[in-house]
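*Asks:* give me coordinates for this.
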Amino acid sequence: VEKQTDTWKQWYQRRVRGFGTKVYCNAIVAELIGILKPEIRELIEYCNKIKMWIQLLIPKMEDGNNFGVSIQEETISEVSTFCEFAKVAFDDMSRYFVTRGKVSSKIVKYPHLEDYVQYLSELDEKQFLHIRVFANDLKMIYCCMFDIINKNLEKIKMPRSQMSSNLY
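*Replies:* As a prediction, the model looks like this:
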């Protein structure tokens, strides 16, 4: 009976090295990306809808009493930042497959170089960690957007008080 003393990396390297002419996709990372990509798309759509909603609530420019308008603009800026972060994460997930494909082709071309196998292992581990971090960031983005909008909802909906328009 053989003892199970292999580390994950040793098992992974032996598995990749054993393929010879074919390197398979990392099923775990691919599945996680498949789960996370629709969530990112949905976040981007929500961000765009929220930005448009607030943009349409901004009143015409007038002198004075623009504090509410500045809150609207700041909220749009924050939501835009979240949207850009999501777009970058989406692109990174696509770039992972391109990079992995290039490394896999090197493994097939040069099977005797273990550095490529090690690099592929490190690349998969790095992507797995990126996915974990972004999943947590996704939760934080939704929490922050809710907090910003909820705390400033009155000023977002009515940036100028009714009292100021009656003074003139």
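*Asks:* distance of Glu114 from Ile107?
*Replies:* Distance of Glu114 to Ile107, given as C-beta to C-beta, to the nearest Å: 10 Å. In this view, the C-beta of every residue, glycine as well, is placed from N, C-alpha and C.
*Asks:* residues contacting Lys102?
*Replies:* Neighbour list for Lys102: empty [criterion: C-beta atoms under 8 Å, 6 or more residues apart in numbering].
*Asks:* next one: phi and psi at it?
*Replies:* Main-chain torsions, Lys102, degrees, to the nearest 10: phi -60, psi -40.
*Asks:* same question for the one 10 residues further on.
*Replies:* For His112, the backbone dihedrals are phi -80, psi -10 (criterion: degrees, to the nearest 10).
*Asks:* and for Ile58?
*Replies:* With angles defined as degrees, to the nearest 10, Ile58 shows backbone torsions of phi -70, psi 130.
*Asks:* which ones are touching it?
*Replies:* The contact partners of Ile58, taken as C-beta under 8 Å, 6+ apart, are Val69, Gln72, Glu73, Pro159.
*Asks:* okay, who's weakest in these by pLDDT?
*Replies:* Sorting those by pLDDT puts Pro159 at the bottom of the list (84).
*Asks:* count the neighbours of that residue for me.
*Replies:* Counted by other C-beta atoms under 10 Å, the residues lying close to Pro159 total 21.
*Asks:* what kind of secondary structure is it in?
*Replies:* coil (DSSP: H, G, I helix; E, B strand; the rest coil).
*Asks:* how about it: what's its closest non-neighbour residue?
*Replies:* Distances taken as C-beta to C-beta, 6 or more residues apart in numbering place Gly68 nearest to Pro159, at 2.8 Å, with adjacent residues excluded.
*Asks:* what about the one you found, which helix or strand?
*Replies:* Secondary structure here is read from DSSP states H and E; on that basis Gly68 sits in helix 67-109.
*Asks:* just how off-centre is that helix within its chain?
*Replies:* Centroid displacement of helix 67-109 relative to its chain, using C-alpha atoms, centre = their mean, to the nearest Å, is 6 Å.
*Asks:* list the contacts of the residue nearest to Pro159.
*Replies:* Lys155, Ile156, Met158, Pro159, Arg160, Ser161.
*Asks:* of the residues you listed, closest to Cys25?
*Replies:* Ile156 (44.5 Å; C-beta to C-beta).
*Asks:* so for that closest one, what's the pLDDT?
*Replies:* The confidence metric pLDDT takes the value 91 at Ile156.
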